[in-house]
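In: Generate coordinates for the sequence data below:
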Amino acid sequence: MASTGDRTKRIFVSDLHMGDEESLHPPGGLHPYGWLYADRAKMFADFLELKLKDPGVKEIIILGDLFDEWVCPTVLDPVPPPSSSLNQFQRIARSSQNAAAIANLRAIADSDEIDLIYVPGNHDMLITKEIITEIIPGIVYMGTAPGEGVFTADGIAAEHGSMYCLFNAPDSYNSPGHVLPLGYFIARVVAEKVAKTGSSINYLEVLAGTILRLLGATDFAQAVFASIVEASGLSGTSQIKMGGIDGYSEPVQVLQVEKWFADLYDQWDSNMPNNVIKEEAVLDDTGRLFLAAISQYFMTKGKADIVIFGHTHIYEIHGLVFAMEEEPGEKKLEESEIPYDYIYANSGTWINQKKLCTFVETQIDESAGKHYVRLMQYTRDGSITLLGERYKNL
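Out: Take a look at the predicted model:
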């Protein structure tokens, strides 16, 4: 580990979604389908260079989805030969638009002053310690299983957040021998629509289709996937090329995916080892991960006082206090003036489809007796803006 000295800041960033060259320059007249274009990749590289020179930073923690192995049209091979996870991630790292960012990540990992820490997300859940350290030597890998891992220190618990989402948590039970969840196949189907038309699906259309299917007693997850397939212009017989990813050696038919995950919603409570119930898992997948922070961490005394997630692409920060109800033993959560008992923040994203590039900074000020959590924006001109701040008393 690096020698931190007087360094007191931790930087949390997530959801870069780096793709390979093909994601921005696809073959066969297809439209670009990647989420991170060259301009935002350069901004991230510049941001890393700035933080490498910051004398107050002791750790930079990447909360998943640095790489994206999900967003690929169904008609393209997601892992071109030679087919291996290492090859796929190396293709992304070697892509010209990502070269500067990867170089700066390597410089940080090699630094004697700053530790670079990696927690996997869902779009890069198949990355391993061996793969990430091959690409970025010296990085500290904190994954514990595909798509799982938590950074903890000084009352902070930070992870990607997809573990609490119905469609995006790693799934080892619906398609035996594999871990990619239904969300992977949704990403492939939506990428097909983008690649062919240049525009994404209409989510109001998907909602309407889902409701109609549910009226016909279709399972919730199956109804959502079927509606997305229909909105993307595919059918049950459409094939999804897999190229060996996650052990899928042959293309997968859309109808087969529907069958695999048909009971996903009803199985959630019995199959997922966390405190998030299936109804909440649906809301978490719509961007309400604040609920998971409460149920998974804040409602368990001593587990964490500060929770930082990514995944939703929605930057936010909240401070909470526990207030006693009149009835003994019952508690409720409510907003309050600072200082706070509990703080939740989401680091947001850097993808081109979103307006702002955001990150979270934490800092312990021993002299003031405070632990600060700040939501920050990095802009194209290299400046940093404070979007919101909360603190806890030490």
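In: Not counting its neighbours along the chain, what's nearest the residue most central in space within the chain?
Out: Residue closest to the mean C-alpha point of the chain, counted by C-alpha atoms, centre = their mean, is residue 311 at 3.1 Å. Leaving aside its sequence neighbours, residue 311 sits nearest to residue 161 (C-beta to C-beta, 6 or more residues apart in numbering; 3.9 Å). Every C-beta, even on glycine, is put in place using the N, C-alpha and C of the backbone.
In: List the strands paired with the strand or helix carrying residue 362, with their directions.
Out: Per DSSP states H and E: residue 362 is located in strand 357-365. Strand 357-365 has the following sheet partners, assigned by DSSP bridges: strand 9-13 (antiparallel), strand 370-378 (antiparallel).
In: out of those, deepest packed?
Out: strand 9-13 (a mean of 24; mean count of other C-beta atoms under 10 Å).
In: what does that one contact?
Out: With contact meaning C-beta atoms under 8 Å, 6 or more residues apart in numbering, strand 9-13 is reached by 47, 51, 54, 56-63, 153, 156, 158, 308, 310, 345, 347, 350, 359-363.
In: quick one: the helices in the stretch 251-394 of the chain?
Out: Using DSSP state H, counting those that start in this stretch, the helices of the stretch 251-394 of the chain run over residues 254-260, 264-271, 278-285, 290-293.
In: Where does pLDDT dip in this protein?
Out: When residues are selected by pLDDT under 70, those of the chain lie in 1-5, 83, 204, 211, 217, 322-338.
In: domain assignment for it?
Out: 9-171+281-393, 182-266 (automatic domain parsing).
In: Let me have the ones you listed in CSV, adding distance to residue 275 as columns.
Out: Formatted as CSV, those follow (distance: least, C-beta to C-beta, whole Å):
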stretch, distance to residue 275
domain 9-171+281-393, 5
domain 182-266, 17
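In: Identify whichever of the strands paired with strand 357-365 lies nearest to residue 112.
Out: strand 9-13 (16.6 Å; C-beta to C-beta).
In: Counting neighbours, which bits of stretch 121-136 end up buried?
Out: Neighbour counts using 16 or more other C-beta atoms under 10 Å place 121-127, 131-132, 135-136 of stretch 121-136 among the buried residues.
In: All the helices of the stretch 51-200 of the chain, in order from the start?
Out: Using DSSP H, counting those that start in this stretch, helices in the stretch 51-200 of the chain cover 85-94, 99-109, 129-135, 182-197.
In: Kindly present the ones you listed as TSV, with separate columns for distance to residue 281.
Out: Formatted as TSV, these follow (distance: least, C-beta to C-beta, whole Å):
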stretch	distance to residue 281
helix 85-94	27
helix 99-109	32
helix 129-135	27
helix 182-197	12
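In: now, of these, which is deepest in the fold?
Out: Across those, the average number of neighbours (mean count of other C-beta under 10 Å) peaks for helix 182-197, which reaches a mean of 23.
In: that older thread, what residues does the strand holding residue 362 touch?
Out: Applying C-beta under 8 Å, 6+ apart, the contact partners of strand 357-365 are 8-13, 40, 43-44, 47, 56, 154, 156, 306, 308, 315, 317, 345-350, 370-379, 387, 394.
In: Pull out the buried positions in that strand.
Out: 357-364.
In: So which of those is the closest to residue 213?
Out: Nearest member of the buried residues of strand 357-365 to residue 213, counting by C-beta to C-beta, is residue 358, at 35.5 Å.
In: Please report the distance of that closest one from residue 308.
Out: 12 Å (C-beta to C-beta, to the nearest Å).
In: Name the residues contacting each of the two.
Out: residue 347.
In: Dump the buried residues of strand 357-365 into JSON lines; add distance to residue 142 as well.
Out: Listed next are those as JSON lines, based on distance: C-beta to C-beta, whole Å:
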{"residue": "357", "distance to residue 142": "23"}
{"residue": "358", "distance to residue 142": "22"}
{"residue": "359", "distance to residue 142": "18"}
{"residue": "360", "distance to residue 142": "16"}
{"residue": "361", "distance to residue 142": "19"}
{"residue": "362", "distance to residue 142": "16"}
{"residue": "363", "distance to residue 142": "21"}
{"residue": "364", "distance to residue 142": "20"}
